[in-house]
Structures are given as C-alpha cells and as structure tokens.
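Engineer: Got a predicted structure plus its sequence, pasted below:
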Amino acid sequence: GENVEQHPSTLSVQEGDSAVIKCTYSDSASNYFPWYKQELGKGPQLIIDIRSNVGEKKDQRIAVTLNKTAKHFSLHITETQPEDSAVYFCAASYGGSQGNLIFGKGTKLSVK
Amino acid sequence: NAGVTQTPKFRILKIGQSMTLQCAQDMNHNYMYWYRQDPGMGLKLIYYSVGAGITDKGEVPNGYNVSRSTTEDFPLRLELAAPSQTSVYFCATEGADTQYFGPGTRLTVL
C-alpha cells in the first residue's frame, strides 16, 4: 500500500536554531502535501501545505520544499521558539484525492 | 462558530460492547473524515464523506460504520468493540482546501 516515511522521530534544538523534518512518499499520483502541528491533548492543526505544481512555499518562519522527482518534501522552521515544541506530522494525498491523506508517524520537536 | 465538535471526550468500553462517536460541524463543509491515531503513530483514515448521503471507506474501515444523513453530523459506529480499537479518534472537515480537526475522543477497550 501507499506509505509516507518521516524522519527524524525526535528532534531537539536550541532556541533560535533551525529545525528540518523530512518526509518521503510512495504514490506518484500524490499532489497535496500538508504539514500538521499537534500539541498535547489536541487535534492536529494545519500549519502549511504545498501542492505538486509548486517547489517551495514560505509563511513567516515556516517553509516547505517539494521534490516530486525524488518524492520527498521537507519542513523548515527557522528561529525556533519554545512554543514550536510539539509533534509535527507530514501527510500526502493518495488515490488522486486531496482529502485522502496518508500520514507520517510524526516528529517530536523540543525547543530548549 | 464552534467549528468541529466531538463527544464524548473519553470513553471506556468492554470487549463486545458497541458505541457511537459523535461529530458535528457548523462550517457547512461537505467533506468530513474520521481518523484514528494510535500511540506514537500518525493518523489513519477510517471513513470519509463527500456530502450528505455519501460515505466511503478509508485505509482502515474494518470494525466501523458511518452514516451521513445531514451536512452537520457524521457519527462513527463501533460494533463489537475489540482491544485493537483502543485509540484516539479524530473527526475532521475540509473547506477552502484545509482540513479542520476536532479535539478527539480517547477510547479504551478492555
């Protein structure tokens, strides 16, 4: 079946440093790649997304890059702050439908 | 505007019992989803609906049923609960190309 691999599973950075989380996907038809932030006891919250016709997207301190040839996409957080500490999930659409998402297993980011 | 609401927040079931997890939204979104999240894992799609009267299976539908009689409500039914269904269940809607998640229901089957 379709699969999304996410690395690393845990990431610890110093406040002010950058954090990078990487994902690879298997479905060549995937065309939508959202990133979610999940705080303890809450549902996931969309923080940024990218579609297959774009290579990079930026929103303030957060950026996402997509390499469709290599089937991987990455989340970049610059100038990290303690409130960035959370679990981050990447996802990729499958079956040609934006709403059907396969999720990675998550990255627990700690900003100290 | 409450967004996506889920009830109950917590529930403990015995093996073989049944229950319905409720999900309601007031954003008039056609697309709704049910996911489960096991400890340390990402979310897996159980069922989804593209509008009232239309539902379809996701990645892990076995042991679950859904119905969508109105745009607002999308209940998830568990029949004959099993320990493997211990998880956190999230309902979500989709509008303006964005998915909005509810706060989740934590279910334990003993």
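Structural biologist: The structure has been received and is ready for your questions. Numbering: from 1, shown residues only, chains lettered A, B, ... in the order given.
Engineer: and the gap between residue A:23 and residue B:45?
Structural biologist: Distance check for residue A:23 against residue B:45: by C-beta to C-beta, to the nearest Å, it reads 17 Å. Every C-beta, even on glycine, is put in place using the N, C-alpha and C of the backbone.
Engineer: Settle it for me: which of these two has more neighbours?
Structural biologist: Each of residue A:23 and residue B:45 has its neighbours counted (other C-beta atoms under 10 Å in any protein chain shown); residue A:23 has more, 26 against 22.
Engineer: what's near enough to touch that one?
Structural biologist: Contacts for residue A:23 (C-beta atoms under 8 Å, 6 or more residues apart in numbering or on different chains) come out as A:4, A:5, A:6, A:7, A:33, A:72, A:73, A:74, A:75, A:90, A:92, A:104.
Engineer: Need the pLDDT of the closest residue to it other than its chain neighbours.
Structural biologist: In space, residue A:23 comes closest to residue A:90 once its chain neighbours are excluded; the distance is 3.8 Å by C-beta to C-beta, 6 or more residues apart in numbering or on different chains. What the model reports as pLDDT for residue A:90 is 96.
Engineer: any idea which element residue A:90 lies in?
Structural biologist: strand A:86-94 (DSSP states H and E).
Engineer: re earlier: just give the number of residues close to the residue nearest to residue A:23.
Structural biologist: Neighbour count for residue A:90, taken as other C-beta under 10 Å: 30.
Engineer: From residue A:30, how far off is it?
Structural biologist: Counting by C-beta to C-beta, the gap between residue A:90 and residue A:30 amounts to 11 Å.
Engineer: Dig out what the residue nearest to residue A:23 forms beta bridges with.
Structural biologist: Beta bridges link residue A:90 to residue A:35, judged by DSSP bridges.
Engineer: hang on, isn't residue A:13 packed against residue A:110?
Structural biologist: Yes. When contacts are counted by C-beta atoms under 8 Å, residue A:13 is listed as touching residue A:110 (7.5 Å).
Engineer: Same drill for the two, tell me which one is more crowded.
Structural biologist: Neighbour count, other C-beta under 10 Å: between residue A:13 and residue A:110, residue A:13 has more, with 17 against 14.
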